[in-house]
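Q: sharing a model prediction with you, sequence too.
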Amino acid sequence: MARENISKSLEVYYEKVNCCPLRDRQFNFFEFVYVLSGNGVHGINGNELPFEPGDLFLITPNDYHSFNLDRICEFMVIRFGEYYVREYQWKSIDHIECLLYNASDLSGSVLINQEDKKMVSSLIEHLQQTLIQESVYTEDLVRHLVNALIVIAARNIAIIKPKNISPHADNRILQILDYIQEHIRYPARLTIAVIAERFDLSPTYLGSYFRKQCNESLQQYISSYRIRLIEHRLRFSDKRVHEIADEFGFADESHINKFFKRHQGMSLKQYRDSAIKVAD
């Protein structure tokens, strides 16, 4: 399987093709592919779905993908590395890299909200014009436009139901999941008693209701979500272990290491060291 790298932290280009030059590609970076024109089938991680103009695909470093084109197609391609995500100071989405990796759970376009589709179309148009009419501050403008795309993609990914959730899940469980994600750094706000009171449920009913809707216990979901965020802090930030412990409400390094090792079988330092070796 072909594996590609990029030489810059951000690459943006227009592409007009009648066939996919490489198949089953896997990247060491994130890639947005916006469909300007044409139709065909996008294959990702063994799943295949038709695509059309206006679709926006996000391929993560975990994915392998290819395009089967019915005719000549036009794409805008945006590639950025993990360090690009790290270096930008996101104001309200402190776990944006985790959201981006959640795109691996999808096969189709990441754009769910219709208004966001219109906004992305406008951003892509401005991005094309900026690349054609290269002038002073072009690089800064391109980065601002790309960052806007990243945020829009992230918020669409955030509203997609978790893969284990029941297909008949109601709005209340989605509200509970949103509440958990919003307060994941505050353990005192994520006890069964507090969540039950917040949503006017009994603690006993909340437990059985959550398991029925999500096919896992409430505590399993909270722990797995917290683990995922901690993993991404280790991979994408220079924070020390005691800083990560403080961020997620652990008493000290020993406490967070016990929690992490119980779920992942290794300490935070061991995980970070192994992630660095894989990246190298």
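A: All right, it came through fine. Numbers count the residues shown, from 1 in each chain.
Q: now for whichever strand or helix holds residue 153, which elements pack on it?
A: Residue 153 is part of helix 138-158, with elements assigned from DSSP states H and E. Under the contact criterion of 3 or more Cβ pairs under 8 Å, 6 or more residues apart in numbering; DSSP states H and E, the helices and strands touching helix 138-158 comprise strand 10-17, strand 56-59, strand 73-80, helix 96-101, helix 114-132. For the C-beta atoms, the positions are set from N, CA and C on the backbone; glycine is no exception.
Q: tell me which residues in stretch 128-147 are buried?
A: Residues 128, 130, 131, 141, 142, 143, 145, 146, 147 are the ones in stretch 128-147 that count as buried (16 or more other Cβ atoms under 10 Å).
Q: gap between it and the chain center?
A: 24 Å (Cα atoms, centre = their mean, to the nearest Å).
Q: what about it, how long is it end to end?
A: Taking Cα to Cα, to the nearest Å, the span from the opening residue of stretch 128-147 to its closing residue is 15 Å.
Q: show me the helices in the stretch 151-280 of the chain, by range?
A: If you assign secondary structure with DSSP state H, counting those that start in this stretch, the helices in the stretch 151-280 of the chain sit at 171-182, 192-198, 203-214, 218-236, 241-247, 253-264, 268-279.
Q: would a markdown table of these with distance to residue 113, mean pLDDT and mean neighbour count be doable?
A: Listed next are these as a markdown table, based on distance: least, Cβ to Cβ, whole Å; pLDDT from 0 to 100; neighbours: other Cβ atoms under 10 Å:
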| stretch | distance to residue 113 | mean pLDDT | mean neighbour count |
| --- | --- | --- | --- |
| helix 171-182 | 14 | 85 | 15 |
| helix 192-198 | 26 | 97 | 16 |
| helix 203-214 | 23 | 94 | 16 |
| helix 218-236 | 22 | 86 | 18 |
| helix 241-247 | 29 | 93 | 17 |
| helix 253-264 | 33 | 96 | 16 |
| helix 268-279 | 33 | 83 | 13 |
